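1. Quick check, what structure comes out for this input:
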Amino acid sequence: MRRPRAVRTTPEVIGNNQHSLRRDQFSRNAVKVVEILQRAGYQAYVVGGCVRDQMLGIAPKDFDVATSATPEQVRAEFRNARIIGRRFKLVHVHFGREIIEVTTFRAHHPEGQDDGDSRASSNESGRILRDNVYGSLEDDAQRR
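-> Here you go, the predicted model:
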(Lines give C-alpha, C1' and ligand atoms only; values in the text may rest on other atoms or scores of the structure.)
Protein backbone atom coordinates (compact mmCIF):
# COMPACT_ATOMS: atom_id res chain seq x y z
CA MET A 1 0.00 0.00 0.00
CA ARG A 2 1.31 3.41 -0.96
CA ARG A 3 1.56 6.19 1.62
CA PRO A 4 0.02 9.57 0.76
CA ARG A 5 2.67 12.14 0.00
CA ALA A 6 3.17 14.74 2.73
CA VAL A 7 2.12 18.26 1.77
CA ARG A 8 4.66 20.96 2.61
CA THR A 9 3.13 23.73 4.71
CA THR A 10 6.22 25.88 5.19
CA PRO A 11 8.38 27.50 2.52
CA GLU A 12 11.60 25.76 1.58
CA VAL A 13 14.72 27.92 1.74
CA ILE A 14 17.02 27.24 -1.19
CA GLY A 15 20.64 28.16 -0.56
CA ASN A 16 23.07 29.85 -2.96
CA ASN A 17 24.60 26.51 -3.93
CA GLN A 18 21.17 25.17 -5.02
CA HIS A 19 20.25 27.80 -7.62
CA SER A 20 21.94 29.75 -10.39
CA LEU A 21 20.68 33.25 -9.54
CA ARG A 22 23.21 36.02 -9.00
CA ARG A 23 22.82 39.54 -7.65
CA ASP A 24 23.98 41.11 -10.93
CA GLN A 25 21.02 39.55 -12.78
CA PHE A 26 18.62 41.84 -10.93
CA SER A 27 17.96 45.55 -11.31
CA ARG A 28 20.62 47.48 -9.43
CA ASN A 29 17.80 49.69 -8.11
CA ALA A 30 15.91 46.70 -6.71
CA VAL A 31 19.11 45.50 -5.03
CA LYS A 32 19.65 49.04 -3.69
CA VAL A 33 16.14 49.11 -2.18
CA VAL A 34 16.77 45.74 -0.49
CA GLU A 35 20.14 46.88 0.88
CA ILE A 36 18.78 50.17 2.24
CA LEU A 37 15.86 48.43 3.98
CA GLN A 38 18.15 45.75 5.43
CA ARG A 39 20.60 48.37 6.72
CA ALA A 40 17.63 50.09 8.40
CA GLY A 41 16.93 46.84 10.29
CA TYR A 42 14.12 45.37 8.17
CA GLN A 43 13.93 42.09 6.33
CA ALA A 44 13.77 42.70 2.56
CA TYR A 45 13.99 40.43 -0.50
CA VAL A 46 13.56 40.62 -4.27
CA VAL A 47 10.47 38.48 -4.94
CA GLY A 48 7.85 37.41 -7.42
CA GLY A 49 7.85 37.20 -11.18
CA CYS A 50 11.32 38.65 -11.63
CA VAL A 51 12.81 35.73 -9.68
CA ARG A 52 10.71 33.21 -11.63
CA ASP A 53 11.64 34.85 -14.94
CA GLN A 54 15.36 34.86 -14.13
CA MET A 55 15.19 31.17 -13.20
CA LEU A 56 13.55 30.48 -16.58
CA GLY A 57 16.09 32.60 -18.47
CA ILE A 58 13.54 35.29 -19.36
CA ALA A 59 14.27 39.00 -18.96
CA PRO A 60 12.01 40.34 -16.17
CA LYS A 61 9.73 43.27 -17.05
CA ASP A 62 9.78 44.66 -13.50
CA PHE A 63 11.20 44.03 -10.05
CA ASP A 64 9.32 43.68 -6.77
CA VAL A 65 10.58 43.74 -3.18
CA ALA A 66 8.83 42.30 -0.12
CA THR A 67 9.77 43.58 3.35
CA SER A 68 8.91 43.52 7.03
CA ALA A 69 8.69 47.35 6.96
CA THR A 70 5.25 48.95 6.78
CA PRO A 71 4.50 51.28 3.85
CA GLU A 72 5.06 54.29 6.11
CA GLN A 73 8.44 52.92 7.23
CA VAL A 74 9.48 52.26 3.62
CA ARG A 75 8.41 55.78 2.64
CA ALA A 76 10.53 57.22 5.45
CA GLU A 77 13.64 55.52 3.99
CA PHE A 78 13.24 56.88 0.44
CA ARG A 79 12.71 60.47 -0.73
CA ASN A 80 11.74 59.10 -4.14
CA ALA A 81 8.86 56.95 -2.86
CA ARG A 82 5.08 57.19 -2.95
CA ILE A 83 2.51 55.14 -1.02
CA ILE A 84 -0.25 53.93 -3.33
CA GLY A 85 -3.27 51.62 -3.13
CA ARG A 86 -6.58 51.53 -1.34
CA ARG A 87 -7.23 47.87 -0.56
CA PHE A 88 -3.62 47.08 0.13
CA LYS A 89 -1.09 49.85 0.51
CA LEU A 90 2.26 49.46 -1.19
CA VAL A 91 5.12 51.75 -2.09
CA HIS A 92 6.51 52.72 -5.47
CA VAL A 93 10.16 53.75 -5.25
CA HIS A 94 11.05 55.78 -8.36
CA PHE A 95 14.45 55.70 -10.05
CA GLY A 96 13.96 57.73 -13.21
CA ARG A 97 11.72 55.62 -15.44
CA GLU A 98 12.13 52.49 -13.32
CA ILE A 99 9.70 51.84 -10.47
CA ILE A 100 10.46 49.28 -7.78
CA GLU A 101 7.26 48.08 -6.11
CA VAL A 102 7.70 47.42 -2.39
CA THR A 103 5.10 45.48 -0.41
CA THR A 104 4.95 44.61 3.26
CA PHE A 105 4.87 40.89 4.03
CA ARG A 106 1.22 39.81 3.89
CA ALA A 107 -0.73 37.09 5.63
CA HIS A 108 -3.98 35.40 4.66
CA HIS A 109 -7.03 37.10 6.13
CA PRO A 110 -9.00 34.57 8.20
CA GLU A 111 -12.16 33.85 6.17
CA GLY A 112 -15.51 34.23 7.88
CA GLN A 113 -13.85 35.37 11.06
CA ASP A 114 -13.90 38.82 12.58
CA ASP A 115 -10.61 38.92 14.41
CA GLY A 116 -10.95 42.59 15.31
CA ASP A 117 -8.15 43.53 12.90
CA SER A 118 -9.11 46.96 11.57
CA ARG A 119 -6.55 46.68 8.76
CA ALA A 120 -8.82 44.26 6.86
CA SER A 121 -12.50 44.53 6.12
CA SER A 122 -15.13 43.42 3.65
CA ASN A 123 -18.72 44.44 2.98
CA GLU A 124 -21.82 42.31 3.52
CA SER A 125 -21.49 40.68 0.08
CA GLY A 126 -17.91 39.63 0.87
CA ARG A 127 -16.15 42.15 -1.37
CA ILE A 128 -12.78 43.03 0.14
CA LEU A 129 -12.61 46.73 0.95
CA ARG A 130 -9.25 46.77 2.74
CA ASP A 131 -6.67 44.01 2.84
CA ASN A 132 -3.78 45.27 4.97
CA VAL A 133 -3.19 42.06 6.89
CA TYR A 134 0.55 42.09 7.48
CA GLY A 135 2.42 38.92 8.26
CA SER A 136 5.81 37.29 8.47
CA LEU A 137 8.19 36.25 5.71
CA GLU A 138 6.77 32.73 5.98
CA ASP A 139 3.16 34.00 5.74
CA ASP A 140 4.05 36.01 2.63
CA ALA A 141 5.82 33.09 0.94
CA GLN A 142 2.83 30.86 1.68
CA ARG A 143 0.43 33.40 0.24
CA ARG A 144 2.47 33.76 -2.96
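
2. which stretches of the protein form helices?
-> 28-39, 49-56, 71-77, 137-143 (DSSP state H).

3. Tell me which of the ones you listed lies nearest to His92.
-> helix 71-77 (9.9 Å; C-beta to C-beta). Heads up, the C-betas are built off the backbone N, CA and C, glycines and all.

4. tell me the mean pLDDT over that closest one?
-> Helix 71-77 shows an average pLDDT of 96 in the prediction.

5. Which of the residues in it are classified as buried?
-> Pro71, Gln73, Val74, Arg75, Glu77 (16 or more other C-beta atoms under 10 Å).

6. which residues sit against it?
-> Residues from elsewhere that reach helix 71-77, judged by C-beta atoms under 8 Å, 6 or more residues apart in numbering: 36-37, 40, 42, 67, 69, 81-83, 89-91, 93, 102, 104.

7. I'd like to know which of those residues are buried.
-> Buried members of the contacts of helix 71-77, scored by 16+ other C-beta under 10 Å, are Leu37, Tyr42, Thr67, Ala69, Ala81, Lys89, Leu90, Val91, Val93, Val102, Thr104.

8. show me the contacts for the last one.
-> By C-beta under 8 Å, 6+ apart, the residues touching Thr104 are Ala66, Thr67, Ser68, Ala69, Thr70, Pro71, Val74, Lys89, Leu90, Asn132, Tyr134.

9. repeat for the fifth one
-> Neighbouring residues of Ala81 by C-beta under 8 Å, 6+ apart: Val74, Arg75, Val91, His92, Val93, His94, Val102.
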